[in-house]
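Trainee: Show me the folded form of this:
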Amino acid sequence: MCKRVLVFILLIMSIGGLAAQNINDKNFWGVKVGANFPRLYYSDKNLKELPHDMMVGPTVGLFYEFKLYKTVSMAVEIDYQQRGGATSYVYENKYNVNYKLKAHYASLRLPFTWYMIGNKDFSPYLYVAPDFGYAFGGNISLTQPGLPISDVSVGISDSNINRLNIGILGGLGVRKNVNLTNWILVLKVDAALSYGFINTFSPSETNETATPTNIHAYNSQGKRHSVGLEINLSLGFERIGAKPSKSTNNKSSKGSGKSKGSKGDCFPFR
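Mentor: Residues are numbered from 1 along each chain as shown. Here you go, the predicted model:
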């Protein structure tokens, strides 16, 4: 299913790119802010059936976008995202268990953007980006009232999770150029789905050599991947050269005429 969706997105990108106008004539840099709605995807059947509580975390970043072709651009992004997941369920029909993993990731992304049908000031676009990230902080919390270990809080740096993330991001958005005096303000709004290829269970968790804190609900069978929905607003700044005024042009042309001067003009001013 995922392969079919990816092929369909790439096909639409290619068709849209052929019909696009040159909205991305110049390189530009910018900042982005938004929200991430992360969750954890489990391959194990029992863990997959656990309910997923909604989480919302911030995303911020800096980027530089440059043109590759008339309708295709590439960007280099350094971002911060909050990822993880949460679940709440009843253990043995009488213990309320609440689990939350909230991790802070620093990421390097390389988005490839296809601008679609539009004009020089407005265009929808599709994009896909490889994503390389590392969890540098965060917290794992667990509450299970009534059980011997009722409350647990562990920092990401002290946990057993695999902190490396390699994934892919794909989405769609719209771009609007706003012409200022010597600048073009580039506004972009987009939404994208992210998927991590790396199993966030560490080897010590999957082979059960790690000592679990949640001994009553511990189960790391299968794999666990980081997924999410991101919605971002980007502000880009494109520098344009100042156009000479008409008065300057007129003075220049008059000066040229004087340069021809009369015979008595030994040192004509230009």
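Trainee: Send me the lengthiest strand in the chain as PDB with only the CA atoms.
Mentor: Scanning the chain for the strand with the most residues, using DSSP state E, yields strand 122-143. Output of strand 122-143 as PDB, limited to C-alpha atoms (Å, rounded to 0.1, in the frame of the first residue of the first chain):
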ATOM      1  CA  PHE A 122       1.200  31.700  -6.400                       C
ATOM      2  CA  SER A 123       1.700  27.900  -6.800                       C
ATOM      3  CA  PRO A 124       0.700  24.700  -5.000                       C
ATOM      4  CA  TYR A 125       3.500  22.200  -4.600                       C
ATOM      5  CA  LEU A 126       4.400  18.600  -3.500                       C
ATOM      6  CA  TYR A 127       7.500  17.600  -1.800                       C
ATOM      7  CA  VAL A 128       9.400  14.700  -0.400                       C
ATOM      8  CA  ALA A 129      12.400  14.800   2.000                       C
ATOM      9  CA  PRO A 130      14.800  12.300   3.500                       C
ATOM     10  CA  ASP A 131      15.000  12.900   7.300                       C
ATOM     11  CA  PHE A 132      18.000  12.200   9.600                       C
ATOM     12  CA  GLY A 133      17.400  12.900  13.300                       C
ATOM     13  CA  TYR A 134      18.800  12.200  16.800                       C
ATOM     14  CA  ALA A 135      16.900  12.400  20.100                       C
ATOM     15  CA  PHE A 136      19.000  14.600  22.400                       C
ATOM     16  CA  GLY A 137      16.500  14.900  25.300                       C
ATOM     17  CA  GLY A 138      13.000  14.200  26.500                       C
ATOM     18  CA  ASN A 139      11.200  12.100  29.000                       C
ATOM     19  CA  ILE A 140       9.400   8.700  29.400                       C
ATOM     20  CA  SER A 141       6.600   8.700  32.000                       C
ATOM     21  CA  LEU A 142       4.500   6.000  33.300                       C
ATOM     22  CA  THR A 143       1.700   5.900  35.900                       C
END
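Trainee: which residues of the chain fall in helices?
Mentor: Secondary structure of the chain by DSSP state H: the helices cover 2-19, 45-48, 203-206, 246-260.
Trainee: pLDDT value on residue 121, please?
Mentor: Residue 121 carries a pLDDT score of 84 in this model.
Trainee: Would you check that it makes contact with residue 177?
Mentor: Yes: at 4.7 Å, residue 121 counts as touching residue 177 under the criterion of CB atoms under 8 Å. From N, CA and C alone the C-beta is placed, and that goes for glycine too.
Trainee: All set, thanks.
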